[in-house]
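**Q** sequence plus predicted model, see below.
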Amino acid sequence: MDLSKKWLADYVDLDIEDREFAEAITISGSKVESYKQEGEGLKNIVVGHLLSLKKHENADKLWVCQVDCGGDAPLQIVTAAQNLTEGDYVPVALHNSVVAGGTKITKGKMRGEVSEGMMCSVAELGVTVHDFPYAIEDGIFILGDDCEKVPGMDIREAIGLNDTVTEFEITSNRPDCMCVIGLAREAAATFDVPLKLHTPEVKAGEGDVNDLLKVDIEAADKCYRYAGAVVKNVRVAPSPRWMRERLRACGVRPINNIVDITNYVMLEYGQPMHAFDLRFLEGNHVVVRNAKAGESIATLDGIERPLDDTMLVIADEKKPVAVAGVMGGEYSGIMDDTNTIVFESACFNGPSVRRTAKKLGMRTESSARFEKQLNPDDCDLCLKRALELVQLFDAGDVVNGIIDVYPTPKEVVTLPFDPDWVNRFIGIDCPADEQKAILEKIGFKVEDGVITAPSFRIDIESQADISEEIARFYGYNNIPNTQLRGTADASLTDRQKFNRLVENTLLSSGLSETQTFSFISPKTYDKLCLPEDSDLRKNIVISNPLGEDTSVMRRTALGSMMEVLSRNYNNRNPKAFLYEVATVYVPHDTLDELPDEDQEIVIGMYGQDADYFKVKGILENLLDTVGIRDYDVVPVTDHPSFHPGRTAAIEVEGKQLAVLGEVHPNVRGNYEIKARTYAALVDMELLEQCADLVRLYKQLPKYPVTTRDLAFVVDKITPVLVLEKAIKRAAGNILESIELFDVYAGEQIGKGKKSVAFNLIFRAEDRTLTDEECNNAVQKAIAAAEKLGAELRS
Amino acid sequence: MDTREQLEQIRAEAEAAMENAASLQELDAVRVKYLGKKGELTAVLKTMGKLSPEERPKVGQMANEVREVITAGIDRRNELLKAAQQELKLKAETIDVTLPGTKVEIGHRHPLSIVLDEVKEIFLGMGFEVVGGPEVEWDYYNFEALNIPKDHPARDTQDTFYITENMLLRTQTSGVQIRTMENKKPPIRMIAPGRVFRSDAVDATHSPLFHQIEGMAIDEGITMGDLKGTLETFAKKLYGEQTKIRLRPHHFPFTEPSCEIDVSCFKCGGCGCSMCKGEGWIEILGGGMVHPKVLRTGGIDPDKYSGFAFGVGLERIAMFRFGLDDMRLLYENDVRFLDQF
């Protein structure tokens, strides 16, 4: 909502700097987004009086003019404009001036003749021919009689381009502030000055409106009030300058007196008005009803729009002539030959207007106001204001009377006046009479312990609403700051602590944290080479996505990680080591339940030091940190996103906790990554379930260790882990640890074979082991290995 | 030369020899030469038998003194030489200490998480639990229960992604207010950080996905002054002790009274600079007193209890904290960006 300072001055007397006004009214609850002076970019442009003009001697199309700009002597200005006559008053940009758009003007010579400035068009002043209907676009702006013709006067003052426009952000609960009077009321209360309201007066005219117009409301649930009046012998003409000026300041383009009046009343009172041509109102009868199935209407913008029976229309006896509160029909506008018009001032149900405007895809200034639910009580007042202006401009002959259909007057909202409650709720100590004074200055009545809310305050329902009114004029910033009383203990939940432990472990493993969007493209699953029937393709689908790229909720974060790696690779970053603790969305069979939101850890890397064992090492480290020691590592050869020979699953008690490996070359090809890429996916829920964070001290060993190294030759395909586990089992509980220290394949070993060397450490808690004990254990270990086809190397 | 003279001479010679010893080996040779089994002192002692019984103890005593002097001298010299030798060795081991250290790769926490961790810690310290809520949410929790019925104009400011007519991607974390009230009786103090979604195209200041931190406290006798005090404490802990807050009336359907909260610009301290666009204040929060209708919907008696609620934009705080001018950086995850935190 843009507010004109000149217009505001009709209602409140304020002598306050623009900045101070903006700050104070923001703090009292009407937020100022910005304010600016009209014409603030213009510099050194004044009114000039054209004393003489003669043709340039060396140029056919140039004129050499003598212009009185208020100085001692006239200035010589050369122009190419062809619309000048001696005696005209024109805007003159003097030497060292700035016109609209920031262009600087200095004196110069044109074909040998000195030109000490430039005469300006409307555009060069930043206004349009709508603001000055007698001006032309391609030529000098010749000032009309509604401008001050004083040579040397600042042009902004002379043409009334000197208002301050303040832009407000009006919240949806305060439609009453979407107008000059509403904001004037707030301003008056903020600065404690009186609000000077005006009561429209309509002089007696001719005839009786009831002879010319009949109104029926058929859908009273959607139309609370309909007031109409008739003006005959309409004399369409431009509005006076003051009205055009105010409309311009509020961002509305002046059109003609009738249209301008409807817009002016809307801006002043917040009530959208509509003017119909009575010729096109069949039977002179306004019927407010639901549209019928199959009906349609061509709206003012010339588009044919199909209607349905949820939409409220203003109809005549045969057809809809307007979509109620949204837009008028094609034939209802004011035309050059319009003679008799109907002014409409009505109140519709907000949600209904909103639904209709949305369905028709046309949000108008009118619908934006109606949908917030306007006050029906002032419909007649606004109508009278329009008629008053018609008479003031002599824009037509007002027919006596108005038609006012208001079946169920709005209920008055009353609440108990309870200053103590307000003080307790807000935490202030504001005396009752002060509270009463605050409420009264914004239109509330306080009598006998009862507050009556003004009808325009559609937002007032409860004590809490009253407390806000008191608080904002008491001053939010005057409320003493207090601390919560009582004790409260809070700590992270086990899950939150677990997450923190996991993330700290990943960070200290050299992985950086990423955050990616929760929605992905369904094509992600193709890029990950997942089969058509993959479960992961069953997604929560957004019905109105921004685009396909962000249209489904991810079931896995692998695609997100691949995108990130791809972006890094293509940005020529030599390496990336990353993780995300990502939420994935697992739908149920039907949409009657919310999806499960599970957490998945995704790890991704490429570049120097990235390989299968790096990923595995990070996972082993993570498992160790969370106390998972008993797990299987199983080769995975059939995961479509991973390399069939370099992928494994980590299983705990038969459940798959993680998949890790090299990303399949086809998949990274799809993401345009030319370096080998490694990834892992960990089920966070299962990780937490399997974790064992209990730590019990174990006595430090008192007895010495005995170590033995064993090297075997085995088939290349025999997994080391299998061998290791067999040795471990066979060696018994005196085996404290076993560690692989060498794997080697080469000519000496033989084709299809590898050499695997382990370091075994034996120790007992209660005695020094004898050689014999150790030898026995080693023999059993060797036997177990041999069962797996291993041969001890000597 | 009598025995005494001999002993004197040995002493003088030994002292000179040990001073001349330039290495531990040479010093050891001196020790052997004078104190060894076949050394000169031993040789002299062997001639003691020839002395008179009166002389013998005196000379014996003298011989012992000479031995002690020489031994002590050699020990002293030994220390000196050892120290010198070590000094040489250490000198030889000199390295270029300006060469780069061996790199230990440690990952970087995402800037949003850094700031979120800080916010969580501040509120935990004030007794607020950290709770979560679903991101795919029912219309009921996201709107209806928060006093935003269907066709309410407030829905306009939050362009919503819908799954079905009733299921959506939450546009705000405020739904967690209701879920918390349903699960817990007052006193309640909680914050609920999380992802929210709005149908905004990506640009430098907009993203269809961003993070909010909801906060709520409900108890008997909670006032708007408590809201102010709590948020002032928060602002001071986040931005420093000198930080001030300013409240502006605003409207949220689920709080009444409602406000927006500005903090004094942490760059210029309130005089106006490019960060605060000359205003001296930066808007970071919205909040208010929990609307009585919302309390009732959550199963809490508004006549007995009151509460406040607020919401913070995490991206906004992070962007101001780190001087970011483009929100997209946060979700692109370029390692050159991540490595800076």
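**A** Perfect, thanks for sending it.
**Q** tell me the confidence at A:Ala745?
**A** Per-residue confidence (pLDDT) for A:Ala745: 89.
**Q** quick check: closest non-adjacent residue to whichever residue of the stretch 51-200 of chain B sits closest to chain A.
**A** Using CB to the nearest CB, the closest approach of the stretch 51-200 of chain B to chain A is made by B:Gly127 at 3.0 Å. Quick note: C-beta positions are derived from backbone N, CA and C, even for glycine. Spatial nearest neighbour of B:Gly127, excluding adjacent residues (CB to CB, 6 or more residues apart in numbering or on different chains): A:Ala488 at 3.0 Å.
**Q** roughly how far does the one you found sit from B:Arg189?
**A** Distance from A:Ala488 to B:Arg189, counting by CB to CB, to the nearest Å: 5 Å.
**Q** who's more crowded, those two?
**A** B:Arg189 (25 against 16; other CB atoms under 10 Å in any protein chain shown).
**Q** surely the more buried one is within a strand?
**A** Yes. Counting by DSSP: H, G, I helix; E, B strand; the rest coil, B:Arg189 is located in a strand.
**Q** touching, it and A:Arg485? I think so.
**A** No. Using CB atoms under 8 Å, B:Arg189 makes no contact with A:Arg485, being 11.6 Å away.
**Q** let me see the domain layout of the chain.
**A** Since you didn't name a chain, this refers to chain A. Here the domain parsing of chain A from automatic domain parsing is A:2-38+A:164-191, A:43-159, A:209-405, A:414-478, A:494-690, A:706-792.
**Q** oops, chain B please
**A** Using automatic domain parsing, chain B is parsed into the domains B:3-92, B:111-338.
**Q** helix or strand next in line after the longest helix belonging to chain B, which one?
**A** Identified as the longest helix of chain B according to DSSP state H is helix B:55-92. Remark: after helix B:55-92, the chain's next helix or strand is helix B:111-125, criterion DSSP states H and E.
**Q** could I get the domains of chain A as CSV with distance to chain B?
**A** What follows is the domains of chain A, written out as CSV (distance: least, CB to the nearest CB, whole Å):
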stretch, distance to chain B
domain A:2-38+A:164-191, 3
domain A:43-159, 21
domain A:209-405, 4
domain A:414-478, 3
domain A:494-690, 3
domain A:706-792, 23
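**Q** need the contact list for residue 48.
**A** Using chain A here. Neighbouring residues of A:Gly48 by CB atoms under 8 Å, 6 or more residues apart in numbering or on different chains: A:67-69, A:75, A:77, A:89-92, A:119, A:151.
**Q** looking at chain B here, not the other one
**A** Taking CB under 8 Å, 6+ apart, we find B:Met48 in contact with B:3, B:56, B:59-60, B:63.
**Q** where does pLDDT dip in the chain?
**A** Using chain A here. By pLDDT under 70, chain A has no low-scoring segment.
**Q** meant chain B, my bad for not saying
**A** In chain B, residues with pLDDT under 70: B:1, B:156-158.
**Q** just the helices in it please.
**A** B:3-20, B:24-35, B:40-46, B:55-92, B:111-125, B:139-142, B:175-183, B:224-239, B:292-297, B:314-322, B:329-332, B:335-338.
**Q** tabulate these (CSV), appending mean neighbour count and distance to chain A.
**A** Output for the helices of chain B, formatted as CSV (neighbours: other CB atoms under 10 Å in any protein chain shown; distance: least, CB to the nearest CB, whole Å):
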stretch, mean neighbour count, distance to chain A
helix B:3-20, 16, 45
helix B:24-35, 17, 36
helix B:40-46, 15, 46
helix B:55-92, 14, 34
helix B:111-125, 18, 5
helix B:139-142, 21, 10
helix B:175-183, 22, 11
helix B:224-239, 21, 3
helix B:292-297, 20, 6
helix B:314-322, 19, 10
helix B:329-332, 20, 6
helix B:335-338, 19, 5
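**Q** tell me who's in contact with the closest residue to A:Asp301 other than its chain neighbours.
**A** Counting by CB to CB, 6+ apart, the nearest residue to A:Asp301 once its immediate chain neighbours are dropped is A:Met327, at 7.3 Å. A:Met327 makes contacts with A:299-301, A:362, A:364, A:366-367, as judged by CB under 8 Å, 6+ apart.
**Q** next, A:Met327: phi, psi?
**A** phi -160, psi 150 (degrees, to the nearest 10).
**Q** ditto for the one 10 residues further on
**A** Geometry field for A:Asp337 lists phi and psi as phi -100, psi 20, criterion degrees, to the nearest 10.
**Q** now for it, how many residues are close by?
**A** For A:Asp337, using other CB under 10 Å, the count is 9.
**Q** next one: it relative to A:Val682, how far apart?
**A** In terms of CB to CB, A:Asp337 sits 78 Å off from A:Val682.
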